[in-house]
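Need coordinates for the below:
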Amino acid sequence: MSRPRTRKRPISQINVVPYIDVTLVMLVVFMMTAPLLTEGVKVDLPTAAKSDPVQTKPQEPVVVTVNREKLYFLDKGPVSGEDLSSAIVDILKKAPSTPILIIWDRSVDY
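Modelled structure (predicted):
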């Protein structure tokens, strides 16, 4: 009497051992080449001198507002268009790094 043939079921698992081997080889290669990739010029830096920290005050921004009627306001005071541009030029001549904040109504085209 002969035995009935049994079918072999396919293996449904992924063999991850080759992936781990490749990953470890890549890790070693990157670890060895990373220190070699640093470029730069060797400079003999001086020793640090003692000094007080620089005191900087954050500058208050100049606020320009344009309302629904297209009227200009400079720091909550009404101003005409020509006076606004000359006032901003004067402010920037005195302190060029002064921030200027512009606020306008949603209905105003910019």
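
Find the centremost residue of this structure, please.
By Cα atoms, centre = their mean, the chain has its centre lying nearest to Pro99, at 19.7 Å.

Apart from its neighbours in sequence, what residue is nearest that one?
Pro61 (4.0 Å; Cβ to Cβ, 6 or more residues apart in numbering). No exception for glycine: its C-beta is placed from N, CA and C like everyone else's.

Help me confirm that the one you found comes into contact with Ile102.
No. Contact criterion Cβ atoms under 8 Å: Pro61 and Ile102 do not qualify, at 9.7 Å.

quick one on the thing from earlier: what are the phi and psi values at the residue nearest to Pro99?
phi -80, psi 150 (degrees, to the nearest 10).

What is the burial count for it?
12 (other Cβ atoms under 10 Å).

Quick one: neighbours of Tyr72, just the number.
Residues within reach of Tyr72, counting by other Cβ under 10 Å, total 19.

for it, phi and psi?
Tyr72 adopts backbone torsions of phi -100, psi 140, taken as degrees, to the nearest 10.

how far away is it from Asp109?
15 Å (Cβ to Cβ, to the nearest Å).
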